[in-house]
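S.K.: Sequence first, predicted coordinates after that:
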Amino acid sequence: MARTKGFDPDAAVDAAMELFWANGYAGTTPQQLVDAMGIGRGSLYNAFESKHALFERALRRYHEANTARLFAILDGPGTARARLHAALDMVITAARTDERRRGCLMTNTAVEFADRDEPVSDFVRATFDRQEAAFRAVIEEGRRSGEIPADRDAAALATFFLTTTNGIQVLAKVDPDPARLAALAETAMRAL
């Protein structure tokens with residue numbers, strides 16, 4: 001008869017995600033993980049194979065929760081301009097209300113890993129590519145509807161919005177001034 005796990009793997013991944021998000025990959029020790037997850041070290045390695053494999057699962061969990069919120073706004077109802085503004089507002093609100101000033105786990109991971117870890121870098125790059133494609137789809141929709149001038153480069157604007165949302169999260173880690181973050185969003189909207 002197979003033994004059942006004595007812990008909830010989803011809750012454990014959530015706890016690990018929070019720890020990696022707060023401390024980064026290198027700044028998180030296996031002992032911190034087992035303490036936060038409420039499991040033994042043997043369970044950590046038996047269930048997740050390695051710290052790195054657990055990090056990859058935590059990164060996917062973050063992606064599922066946070067990227068889904070962005071896509072829900074960009075794919076939702078309203079004008080193209082309203083959805084783009086709502087996406088910026090969501091990022092600003094998340095950055096301002098995070099008392100621990102963690103920023104974005106994807107952005108933090110991109111900075112921490114750069115191109116030193118191909119699977120992680122590929123995952124982050126694919127996430128950014130999907131976000132950029134979602135921004136581009138909304139911008140192109142706005143061009144077709146006349147909300148955004150047809151001469152605007154949709155690809156360049158999509159990259160600009162991706163960079164702006166990531167930049168807001170980085171800036172908010174050191175300076176979450178609401179007026180400064182709102183000014184960034186307004187500048188992005190004027191670029192349309």
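M.R.: Cool, the structure landed. Nothing here was measured: the structure is a model prediction, and the numbers come from that model.
S.K.: downstream neighbour of the helix-or-strand element of the chain with minimal mean pLDDT in the secondary structure list?
M.R.: For the chain, using mean pLDDT, DSSP states H and E, the weakest element among its helices and strands is helix 41-48, scoring a mean of 87. If you walk from helix 41-48 toward the C-terminus, the next helix or strand you reach (DSSP states H and E) is helix 51-62.
S.K.: ok, and what's touching that next one?
M.R.: Contacts to helix 51-62, defined as Cβ atoms under 8 Å, 6 or more residues apart in numbering, come from residues 13-14, 16-17, 20-21, 25, 28, 30, 33, 44, 48, 105-106, 109, 119-120, 123-124. Any C-beta I mention is one placed from the backbone N, CA and C, and that applies to glycine too.
S.K.: could you pull out the helices for the chain?
M.R.: Assigned by DSSP state H, the helices in the chain fall at 9-23, 30-37, 41-48, 51-62, 68-74, 80-97, 105-113, 118-145, 154-174, 178-190.
S.K.: helices or strands next to the second one in the packing?
M.R.: Counting contacts by 3 or more Cβ pairs under 8 Å, 6 or more residues apart in numbering; DSSP states H and E, helix 30-37 is packed against helix 9-23, helix 41-48, helix 51-62.
S.K.: Worst mean pLDDT among these?
M.R.: Out of these, the stretch the model trusts least by mean pLDDT is helix 41-48, with a mean of 87.
S.K.: Output the contacting helices and strands for it.
M.R.: When contacts are defined as 3+ Cβ pairs under 8 Å, 6+ apart, helix 41-48 packs onto helix 9-23, helix 30-37, helix 51-62.
S.K.: Now do the buried residues in that helix.
M.R.: Residues of helix 41-48 classed as buried under the neighbour-count rule (16 or more other Cβ atoms under 10 Å) are 43, 44, 47, 48.
S.K.: Nearest to residue 173 among the helices and strands packed on helix 30-37 would be which one?
M.R.: helix 9-23 (11.6 Å; Cβ to Cβ).
S.K.: residues in contact with that closest one?
M.R.: For helix 9-23, the surrounding residues in contact (Cβ under 8 Å, 6+ apart) are 28, 32-33, 36-39, 47-48, 54-55, 57-59, 61-62, 100, 102, 105, 108.
S.K.: Mind giving me the PyMOL command for buried ones among those?
M.R.: Below is the selection syntax for PyMOL that covers the buried ones among those, with 16+ other Cβ under 10 Å defining burial:
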select buried, resi 28+33+36+37+39+47+48+54+55+57+58+59+61+62+102+105+108
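S.K.: quick one, what contacts the residue nearest to residue 136 when sequence neighbours are not counted?
M.R.: By the measure of Cβ to Cβ, 6 or more residues apart in numbering, the closest residue to residue 136 outside its immediate chain neighbours is residue 158, 3.6 Å from it. Residue 158 makes contacts with 132, 133, 135, 136, 139, as judged by Cβ under 8 Å, 6+ apart.
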